[in-house]
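Colleague: how would this look folded up:
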Amino acid sequence: MYAGLTNETIDALQDSLGKTLPEDYVNFLKYTNGTNIFSDSISIWGMRTSNARRGDEAIQPYDLVSLNEERIGEIPDSLIIS
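Modeller: Numbers count the residues shown, from 1 in each chain. Next comes the predicted model:
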């Protein structure tokens, strides 16, 4: 689990997505900025602020924005992939 997001960073995430996140997801992100459990069998993506591969900056959730930019198939744009 990762440290939760502030209202300001959640607003920035929604701006980057171009969509409003559901209230339950926003509340989850305030508690934890994504999670990876059971050896990544279950991943809930969050806001990644750095692509560093070393040090503390490397320990971040998978990026919700990049996931939603790389849509595969016929997933409607109105949905948020997580």
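Colleague: What segments of this protein are strands?
Modeller: For the chain, the strands defined by DSSP state E occupy 35-37, 42-44.
Colleague: Out of the ones you listed, flag the one nearest residue 13.
Modeller: Across these, residue 13 has its closest neighbour in strand 42-44 (13.3 Å, Cβ to Cβ). Any C-beta I mention is one placed from the backbone N, CA and C, and that applies to glycine too.
Colleague: Name the strands paired with that closest one and say parallel or antiparallel.
Modeller: Using DSSP bridges, the strands paired with strand 42-44 are strand 35-37 (antiparallel).
Colleague: List the buried residues for the strand it pairs with?
Modeller: The neighbour-count check on strand 35-37 (16 or more other Cβ atoms under 10 Å) flags residue 35 as buried.
Colleague: Identify the residues contacting that strand?
Modeller: Outside strand 35-37, the residues that touch it by Cβ atoms under 8 Å, 6 or more residues apart in numbering are 1-2, 42-44, 61-62.
Colleague: cool, and stretch 1-16?
Modeller: Outside stretch 1-16, the residues within contact range by Cβ under 8 Å, 6+ apart are 20-21, 26, 29-35, 46-47, 59-61, 64-65.
Colleague: go on, stretch 43-54?
Modeller: For stretch 43-54, contacts defined as Cβ under 8 Å, 6+ apart pick out 2, 5, 9-10, 12-13, 28-29, 32-37, 57-58, 60-67, 82.
Colleague: got the end-to-end distance for it?
Modeller: Taking Cα to Cα, to the nearest Å, the first and last residues of stretch 43-54 lie 21 Å apart.
Colleague: list the buried ones in it?
Modeller: For stretch 43-54, the neighbour count (16+ other Cβ under 10 Å) marks 44-48 as buried.
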